[in-house]
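In: model this:
(2 chains)
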2 protein chains.
Amino acid sequence: MNEAAAAAKTGLDFTLLAEDGAARRGLIATAHGPVKTPAFMTVGTAGTVKGLTSEQVRASGAEIILGNTYHLMLRPGAERVARLGGLHRFMNWLGPILTDSGGYQVMSLQELRKITEEGVTFRSHLDGERHNLTPERAVEIQELLDSNITMVLDECTPFPATETEAKDSMERSMRWAARCRSAFTRRPGYGLFGIVQGGVYPNLRRASAEALIEIGFDGYAVGGLAVGEGQAAMFDVLDATVPHLPQAQPRYLMGVGKPADIVGAVQRGIDMFDCVLPTRSGRTGQAFTRRGSVNIRNARHQDDPRPLDPDCPCPTCADYSRAYLHHLFKAKEMLGPILLTRHNLHYYQELMAGLRQAIEDRRLDHFVADFAQQQSGGDIAPL
Amino acid sequence: MNEAAAAAKTGLDFTLLAEDGAARRGLIATAHGPVKTPAFMTVGTAGTVKGLTSEQVRASGAEIILGNTYHLMLRPGAERVARLGGLHRFMNWLGPILTDSGGYQVMSLQELRKITEEGVTFRSHLDGERHNLTPERAVEIQELLDSNITMVLDECTPFPATETEAKDSMERSMRWAARCRSAFTRRPGYGLFGIVQGGVYPNLRRASAEALIEIGFDGYAVGGLAVGEGQAAMFDVLDATVPHLPQAQPRYLMGVGKPADIVGAVQRGIDMFDCVLPTRSGRTGQAFTRRGSVNIRNARHQDDPRPLDPDCPCPTCADYSRAYLHHLFKAKEMLGPILLTRHNLHYYQELMAGLRQAIEDRRLDHFVADFAQQQSGGDIAPL
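Out: Model prediction:
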């Protein structure tokens, strides 16, 4: 099947607005509104972006969030969310939502799960109850949640894996992808994404991309990365994979990443990202700034009246000092994680906005050089 | 000293706008803005109202918050807060702040503290370090914090106490109150409040009130209540105390209380309240509503699409269902305590606004009757 035919099958309208080298500036139209790409999707694991109201998430610049099928299927349950009007209404996030398939979390249960050709059986980490996750059920759950972008169930190939292991795993994922495509209900403004696997092996990545294109999806994800292979190997995989993906659909690098990972992946033609890093780091006192990362628990901040990031327009930096944030973390006050999470999400969204503008202006190389220089400059000097 | 002389000494302007029976509708002018009374002061123990940004606290209708001297003197330290521009700026709360004297928390340390005529020595619950808290130091700390309303250091008489114990304790508190008055720096828009003690003994309460009026304060608090004596005994103490307090200054019932306690105390002429109940209950899943209290952790809420309180205009009730709030608490998500705290603070502020309007309209009796009927009606029926 050629690209035009694949595009005709799409339930998601994707418009390419500008290109700069391999990097793309685009727009995804979903039933719950548009998403400007390159986009960072904030992770709302169990129906909440930890510590923030949905208004605060929106105010960070987020247009789309990610929900985790594994967590939501166990609690509160997909059928319950459907009865309550879907995940958007349940969590008061009225914009687009992408859900993962649950596969990644289930695979990581190790002793508690068993994989067969049919799917995965596993025991809940909450109560030990047995559950089945097949490609068809993964799609059904995501449809019950009313997810705008459904991800196919795949096997996240472990790292490291031999070429034979990676090939067997990838080929099973491709058979599961075809079953997901058959199970998926096409609706305007809703889409299904395939996931390229194949470990660190360029020939497998290419074969996986071609197999998915043959099936035809609304978007193509690169999976199985950010699992310990390192940035250089990750970029190598992108270099070996992205050229084989269609121009006309969005490309999503799953679970990535650090700001520098995102910048490098955008240069390589990736349109979408998700990562727990800004939220999880925010809860433990690590802030992302234009001058690299800052550990607010460090005693050098205890008398510092300056904001986390003097160049940041977010409400945390406008209203609160490092000294105050340091105090909140030392006193284990909830507001510390809240304010740092809010800052980190703003930082990530500002980074994406900067990347989008740079691509439109065809000066991405300058943006990347400035970014690298800023990040290597170190934190503001002590007072 | 008569009332007019006491008023002349005030650094806080208090205007009585309306009366209905013993109840009063007033306005306190502070250097950081006005406070409509009767007022509920949200507790921001350690420089934060737990779980909420200062914008969210303001949006709840709060005009004044309370800071705890004990917590702040230990961490981050009063001198540090002063160097950072005072507590308002430190915590980004630009409205009025009242601070307690630290006495209540220090007294409750039991084995870790020792009381003498000079003051209290105690060991920090954080690191065991020894600290002194004298009447003079309590005032100094509150001035370093830039508190708009400073409370005198007093001994919170234990309950139960014999009349002799209550008398000895009260008389020491009166000597400390005079030392606080001497130590306090008079400034426009800042005030010092005395605290009436005397346990459940009407003659001691009256003697304490008269002693404080003789010293002369900007406001008068009733202390040593809400320590296990019960609502009836508390109201008896108010009936025996409030008639002996000046008309021209605000009256503050410390550490109170449940909604019904506040309503009854307003009827008895109290102008100001503080209590951890709405914030602490919010964190444990207990919500205050117009139909009594609701435990959101109860399984009967798990499929309920309705808000906590159908008559509540707060953002939690506008945007989130009981089913969602239940899910957040079951999943131990931070957003549960955040959303319930926000609702509870709105509920308390709506209650105070209703009381103020009823006094202005001279229909407080009707308001109280409606309130009692609503509260006794029970939660909304299951679907």
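
In: Show me the longest helix that occurs in chain A.
Out: The residue-count maximum for a helix in chain A (DSSP state H) belongs to helix A:335-360.

In: Make sure residue A:14 is indeed in a strand.
Out: Yes - checked against DSSP: H, G, I helix; E, B strand; the rest coil, residue A:14 lies within a strand.

In: ok, it touching residue A:24?
Out: No - Residue A:14 lies out of contact with residue A:24 (C-beta atoms under 8 Å); the separation is 9.8 Å. Glycine gets a C-beta too; all of them are placed from N, C-alpha and C.

In: Buried residues, the longest helix of chain A. List them.
Out: A:335-352, A:355-356, A:358-359 (16 or more other C-beta atoms under 10 Å in any protein chain shown).

In: right, and the helix or strand after it?
Out: Toward the C-terminal end, the helix or strand that comes next after helix A:335-360 (DSSP states H and E) is helix A:364-376.

In: What helices and strands are in contact with that next one?
Out: helix A:259-267, helix A:335-360 (3 or more C-beta pairs under 8 Å, 6 or more residues apart in numbering or on different chains; DSSP states H and E).

In: Report the contact partners of residue A:99.
Out: A:66-69, A:72, A:87, A:142, A:145, A:147, A:149-151 (C-beta atoms under 8 Å, 6 or more residues apart in numbering or on different chains).

In: beta partners for it?
Out: On the basis of DSSP bridges, residue A:99 is bridged to residue A:67, residue A:150.

In: Tell me the confidence at it?
Out: Looking at residue A:99, its pLDDT stands at 98.

In: In the stretch 201-350 of chain A, what residue spans correspond to strands?
Out: A:219-222, A:251-253, A:272-275, A:286-289, A:292-295 (DSSP state E, counting those that start in this stretch).

In: CA atoms only: put the last one into CSV for me.
Out: Meaning strand A:292-295. Provided in CSV are the C-alpha atoms of strand A:292-295 (Å, rounded to 0.1, in the frame of the first residue of the first chain):
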residue,chain,number,x,y,z
GLY,A,292,20.4,22.8,32.9
SER,A,293,18.8,21.0,35.8
VAL,A,294,18.6,22.3,39.4
ASN,A,295,18.2,20.2,42.6
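
In: quick one: average confidence on whichever strand or helix holds residue A:40?
Out: Using DSSP H and E, the element containing residue A:40 is strand A:39-43. Mean pLDDT, strand A:39-43: 98.

In: List the buried residues for that strand?
Out: So strand A:39-43, judged by 16+ other C-beta under 10 Å, has buried residues A:39-43.

In: Enumerate the residues of chain A near chain B.
Out: By the rule C-beta under 8 Å from any C-beta of the partner chain, the part of chain A lying against chain B is A:46-48, A:50-55, A:71, A:75-76, A:80, A:83-85, A:90-92, A:302-303, A:305, A:315, A:319-321, A:323-324, A:327-328, A:330-331, A:333-335, A:337-339.

In: which of these are buried?
Out: Among these, those buried by neighbour count (16+ other C-beta under 10 Å) are A:46-48, A:50-54, A:71, A:75-76, A:80, A:84, A:90-92, A:302-303, A:315, A:319-321, A:323-324, A:327-328, A:330-331, A:333-335, A:337-339.

In: Among those residues, which are located in helices?
Out: Per DSSP H, the subset of these in helices is A:54, A:71, A:80, A:90-91, A:315, A:319, A:323-324, A:327-328, A:330, A:335, A:337-339.

In: State the pair within these that is farthest apart.
Out: A:80 and A:323 (44.2 Å; C-beta to C-beta).

In: how does chain A divide into domains?
Out: Per automatic domain parsing, the structural domains of chain A span A:3-275, A:282-376.

In: which residue is nearest the middle of chain A?
Out: residue A:274 (1.5 Å; C-alpha atoms, centre = their mean).

In: so that residue sits right up against residue A:66, yeah?
Out: Yes - using C-beta under 8 Å, residue A:274 is in contact with residue A:66, at 4.6 Å.

In: so what sits against both of these two?
Out: By C-beta under 8 Å, 6+ apart, residue A:274 and residue A:66 have these common neighbours: A:41-43, A:98.

In: Does the nearest residue to residue A:28 once chain neighbours are set aside belong to a helix, a strand or coil?
Out: Nearest residue to residue A:28, sequence neighbours excluded (C-beta to C-beta, 6 or more residues apart in numbering or on different chains): residue A:35, at 4.3 Å. For residue A:35, the assignment made with three-state DSSP gives strand.

In: so how far is residue A:118 from residue A:35?
Out: Residue A:35 sits 34 Å away from residue A:118, taking C-beta to C-beta, to the nearest Å as the criterion.

In: for chain A, what are the low-confidence residue spans?
Out: Residue ranges of chain A with pLDDT under 70: A:1-10.

In: who's residue A:293 bridged to?
Out: Beta bridges link residue A:293 to residue A:288 when assigned by DSSP bridges.

In: Tell me who's in contact with it.
Out: Residue A:293 sits next to A:281, A:286-287 when contact means C-beta under 8 Å, 6+ apart.

In: which of those lies closest to chain B?
Out: Nearest to chain B among the contacts of residue A:293, counting by C-beta to the nearest C-beta, is residue A:281 at 15.2 Å.

In: That closest one: neighbour count?
Out: When neighbours are defined as other C-beta atoms under 10 Å in any protein chain shown, residue A:281 has 20 of them.

In: Just give the nearest non-adjacent residue to it, would you?
Out: residue A:344 (6.1 Å).

In: right, and that neighbour touches residue A:284 too?
Out: No - with contact defined as C-beta under 8 Å, residue A:344 does not reach residue A:284; the gap is 10.9 Å.

In: my guess is residue A:326 contacts residue A:301, does it?
Out: Yes - counting by C-beta under 8 Å, residue A:326 touches residue A:301, with 4.2 Å between them.

In: any residues in contact with both of these two?
Out: With C-beta under 8 Å, 6+ apart, residue A:326 and residue A:301 have no common neighbours.

In: so which of the contacts of residue A:99 comes closest to chain B?
Out: The nearest one, if we look at the contacts of residue A:99 relative to chain B and count by C-beta to the nearest C-beta, is residue A:72, at 9.5 Å.
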